[in-house]
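Chemist: Structure for this input, please:
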Amino acid sequence: MSAHILVVEDEKHLGVGIKYNLEAEGYRVSLVEDGPTALRLIESSTVSIDLMVLDLMLPGMSGYSVCESIRESGSMIPVLMLSARTLAEDRTRGFDVGANQYMSKPFELDELLSRIKNLLQISGGERSKPAAKKQRATVDKIQFGSVNVDFETHEVLVAGKSVRMTPKELRLLRYFVENPNRVIRRDELLSEVWGMSGNLQTRAVDQFIARLRKIIEPDSSVPVHLLTIRDAGYRFVLEPNPSERDGS
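Modeler: Numbers count the residues shown, from 1 in each chain. Predicted coordinates:
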């Protein structure tokens, strides 16, 4: 079955033009004109979206907010952001909220099609690989510091108080807990936790690490359990050594 692409574009002539050319390339295409409608489609269990072409300047809800929302929900759908804004800070903000590609308007159609093809190959190619089942200890419950987690029931207590964590946050924490003291690269986390290619350019991992630290660390600005290993990745430490510091 051909890939299903969601185009979110409020400029009708442009949206229709993109849809026409993508369908001519053999893709299935859904076209919507606003962010809330796009989010409802993505959240729908009956519709599978393989890639999103997302305009930045949408009415009511910006492309930044749309992209940020789907990343916060744990979705790793490849996002190609389109914008008339050309400043480096605009592109940086797009990548910060989770966009995989950023193109400035006006753009060449051939370049748009090439970028879409590339994103689909990276994400789809990774999904089509046979699952590599690593034999590692399964941890259903863990206690460290003031944190108690039951991964089966999704119950989390921090200093005796119940804390709500999203399924993706729990899955990320569980991966660290099941691989203690090992330096884990971002591409491995993308592959093992998100099920996506480690080649994708995204800040999702860093954003989720920051959210985890706010929950599990006594002081998220000075982590003792979830350490950043400079130029390498992250390492989870169950029982911190006072001599270890983040960024070592």
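Chemist: For the rest of this, base every contact and every neighbour count on C-alpha atoms.
Modeler: Noted.
Chemist: Stretch 153-164: how far from the chain's middle?
Modeler: Relative to its chain's centre, stretch 153-164 lies at 24 Å (Cα atoms, centre = their mean, to the nearest Å).
Chemist: quick one: N148 is in a strand?
Modeler: Yes. Remark: N148 belongs to a strand, assigned using DSSP: H, G, I helix; E, B strand; the rest coil.
Chemist: In contact with it, which residues?
Modeler: Going by Cα atoms under 8 Å, 6 or more residues apart in numbering, N148 touches K141, I142, V156, L157, V158.
Chemist: where does the nearest residue to it once chain neighbours are set aside fall, phi/psi-wise?
Modeler: Leaving aside its sequence neighbours, N148 sits nearest to L157 (Cα to Cα, 6 or more residues apart in numbering; 5.1 Å). Phi and psi for L157, reported as degrees, to the nearest 10, are phi -120, psi 130.
Chemist: roughly how far is stretch 34-47 from the heart of the chain?
Modeler: Relative to the centre of its chain, stretch 34-47 is centred 17 Å away, using Cα atoms, centre = their mean.
Chemist: average pLDDT across that stretch?
Modeler: The pLDDT scores in stretch 34-47 average 80.
Chemist: C-alpha coordinates for that stretch, CSV please?
Modeler: Extracted in CSV, the C-alpha atoms of stretch 34-47 (Å, rounded to 0.1, in the frame of the first residue of the first chain):
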residue,chain,number,x,y,z
ASP,A,34,-6.0,23.8,10.2
GLY,A,35,-4.0,22.3,13.1
PRO,A,36,-6.9,20.9,15.2
THR,A,37,-8.2,18.9,12.3
ALA,A,38,-4.8,17.6,11.6
LEU,A,39,-4.4,16.5,15.2
ARG,A,40,-7.8,14.7,15.2
LEU,A,41,-6.7,12.8,12.1
ILE,A,42,-3.4,11.8,13.7
GLU,A,43,-5.0,10.8,16.9
SER,A,44,-7.7,8.7,15.1
SER,A,45,-7.1,5.0,15.5
THR,A,46,-8.7,4.4,12.1
VAL,A,47,-6.3,6.5,10.0
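Chemist: can you list the residues that contact that stretch?
Modeler: 6, 8-10, 32, 48-49, 58-63, 66, 70.
Chemist: Mind picking the one among the residues you listed that's closest to V16?
Modeler: Closest to V16 out of the contacts of stretch 34-47 is E9 (8.8 Å), distances taken as Cα to Cα.
Chemist: so who does that closest one touch?
Modeler: By Cα under 8 Å, 6+ apart, the neighbours of E9 are G15, L31, V32, E33, D34, L54, D55, L58.
Chemist: May I ask which of the residues you listed has the most neighbours?
Modeler: Neighbour counts for those (other Cα atoms under 10 Å) peak at L54, which has 29 neighbours.
Chemist: Give the other helices and strands that the longest helix along the chain contacts.
Modeler: As assigned by DSSP state H, the longest helix anywhere in the chain is helix 109-128. With contacts taken as 3 or more Cα pairs under 8 Å, 6 or more residues apart in numbering; DSSP states H and E, helix 109-128 sits against strand 51-55.
Chemist: Against which helices or strands is the strand it packs on packed?
Modeler: Against strand 51-55 (3+ Cα pairs under 8 Å, 6+ apart) you get strand 4-8, strand 79-83, helix 109-128.
Chemist: Could you point out the helix or strand that follows that strand?
Modeler: Moving toward the C-terminus from strand 51-55, the next helix or strand (DSSP states H and E) is helix 63-72.
Chemist: In space, what's closest to V66 - neighbours in sequence excluded?
Modeler: Closest to V66 by Cα to Cα, 6+ apart is G35, at 5.8 Å.
Chemist: meant to ask about K19
Modeler: That would be V29: by Cα to Cα, 6+ apart, it lies 6.1 Å from K19.
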